[in-house]
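Engineer: Give me the fold of what follows.
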Amino acid sequence: MIEISRLQKSYQGKAILKGIDLQVGRGEVVVVIGPSGSGKTTLLRCINGLEPFSSGTIQIGSLELTPGTFKEAAVTKVLQSVRRKVGMVFQQFQLFPHLTALENIILAPLKVLRMERAQAEARARTLLQRINLAGKEHCYPGTLSGGEQQRVAIARALAMEPDALLLDEPTSSLDPELVGEVLSVISDLASQKYTMMIVTHQIGFARSCASRVLFLDDGEIIEQGSPLEVLEAPQSERAKNFLRHFGQSARLTG
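Structural biologist: As a prediction, the model looks like this:
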């Protein structure tokens with residue numbers, strides 16, 4: 001589904017990603033953990049074509065991103081195709097405040113997919129029901145809780161029917177009591193074998209939902225494996241220290 005080879009990204013002379021090699025299979029849920037500044041968000045943004053990179057390739061189905069992609073005349077067409085295949089959910093929701101929940105969800109299908117409005121609205125209502133927000137169609141983001149806004153953001157990404165979904169710390173901006181409702185939606189997607197890459201500090205969630213866990217530090221994948229391998233029995237001292245810092249030793253539920 002997603003294949004990354006020798007991906008490197010530098011910014012103002014500083015190496016952010018240092019030769020990432022990674023494959024994500026269809027239906028796999030890959031959770032990325034690691035300290036702040038380790039390159040987790042940058043990795044997702046490169047996959048979605050939001051960040052140019054220095055070297056390497058990113059293959060998404062039949063589409064390929066290279067450093068040259070961002071310089072070619074056809075860049076807009078290529079990146080639009082990538083973003084149709086790979087949806088993105090951001091930390092700060094990024095909903096349009098002047099649009100209702102329904103309007104936020106149908107905007108891209110109408111503008112990008114040229115979908116008929118009736119079809120787009122029907123799909124949006126189905127998605128709102130799926131995320132337990134039926135009846136909130138005409139609510140503006142400012143009237144919704146943070147958890148509700150993030151669920152609308154997830155529905156907006158799903159409305160494009162992407163092949164994979166990237167979620168960048170989807171609960172980091174939420175009050176603790178709202179985290180569970182967002183994780184419940186993501187867990188439901190995971191149970192349906194939806195292809196996802198998720199950056200999160202919710203270690204308990206990673207343990208229960210991930211097919212595979214990556215520990216990223218200083219722009220490199222230090223460890224990867226099953227949740228049992230990485231979270232319960234990390235091999236590197238860096239990963240052990242990280243998990244201890246978050247109070248997540250082998251037997252904590254997070």
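
Engineer: only C-alpha atoms for contact and neighbour calcs from this point on.
Structural biologist: Noted.

Engineer: contacting residues around the helix or strand harbouring residue 149?
Structural biologist: Following DSSP states H and E, the helix or strand that holds residue 149 is helix 146-158. Taking Cα atoms under 8 Å, 6 or more residues apart in numbering as the criterion, the residues outside helix 146-158 that touch it are 87-89, 93-95, 101, 104-106, 124, 127-128, 131, 133, 141, 165, 170, 173-175, 178-179, 181-182, 185.

Engineer: Sort out which of those residues are buried, if you could.
Structural biologist: Applying a neighbour-count criterion of 16 or more other Cα atoms under 10 Å, the buried members of those are 87-89, 93, 95, 101, 104-106, 124, 127-128, 131, 133, 141, 165, 170, 173-174, 178-179, 181-182, 185.

Engineer: so of the contacts of helix 146-158, which ones are in strands?
Structural biologist: Counting by DSSP state E, the contacts of helix 146-158 place 87, 88, 89, 165 in strands.

Engineer: Specify which member of those is nearest to residue 194.
Structural biologist: residue 165 (7.9 Å; Cα to Cα).

Engineer: So in terms of bridging, what pairs with the closest one?
Structural biologist: According to DSSP bridges, residue 87, residue 196 are recorded as the beta-bridge partners of residue 165.

Engineer: can I assume it is in contact with residue 83?
Structural biologist: No. In this structure, residue 165 is not within contact of residue 83 by Cα atoms under 8 Å, at 9.9 Å.

Engineer: Name the residues that touch stretch 208-220?
Structural biologist: The list of residues contacting stretch 208-220 from outside it, by Cα under 8 Å, 6+ apart, reads 15-20, 28-35, 37-40, 187, 190-191, 206, 221-227, 230, 239.

Engineer: Dump the C-alpha coordinates for stretch 126-141 into PDB.
Structural biologist: Once side chains and other backbone atoms are set aside, the C-alpha atoms of stretch 126-141 remain, and they are given as PDB (Å, rounded to 0.1, in the frame of the first residue of the first chain):
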ATOM      1  CA  THR A 126     -23.800   8.100   6.800                       C
ATOM      2  CA  LEU A 127     -20.300   9.100   8.100                       C
ATOM      3  CA  LEU A 128     -21.800  11.300  10.800                       C
ATOM      4  CA  GLN A 129     -23.900   8.500  12.000                       C
ATOM      5  CA  ARG A 130     -20.900   6.200  11.900                       C
ATOM      6  CA  ILE A 131     -19.000   8.500  14.200                       C
ATOM      7  CA  ASN A 132     -22.000   9.000  16.500                       C
ATOM      8  CA  LEU A 133     -22.700  12.500  15.400                       C
ATOM      9  CA  ALA A 134     -26.100  12.100  13.700                       C
ATOM     10  CA  GLY A 135     -28.100  15.200  14.300                       C
ATOM     11  CA  LYS A 136     -25.000  17.500  14.300                       C
ATOM     12  CA  GLU A 137     -25.100  18.100  10.500                       C
ATOM     13  CA  HIS A 138     -25.900  21.800  10.800                       C
ATOM     14  CA  CYS A 139     -23.700  22.600  13.800                       C
ATOM     15  CA  TYR A 140     -20.700  24.900  13.300                       C
ATOM     16  CA  PRO A 141     -17.300  23.800  14.600                       C
END
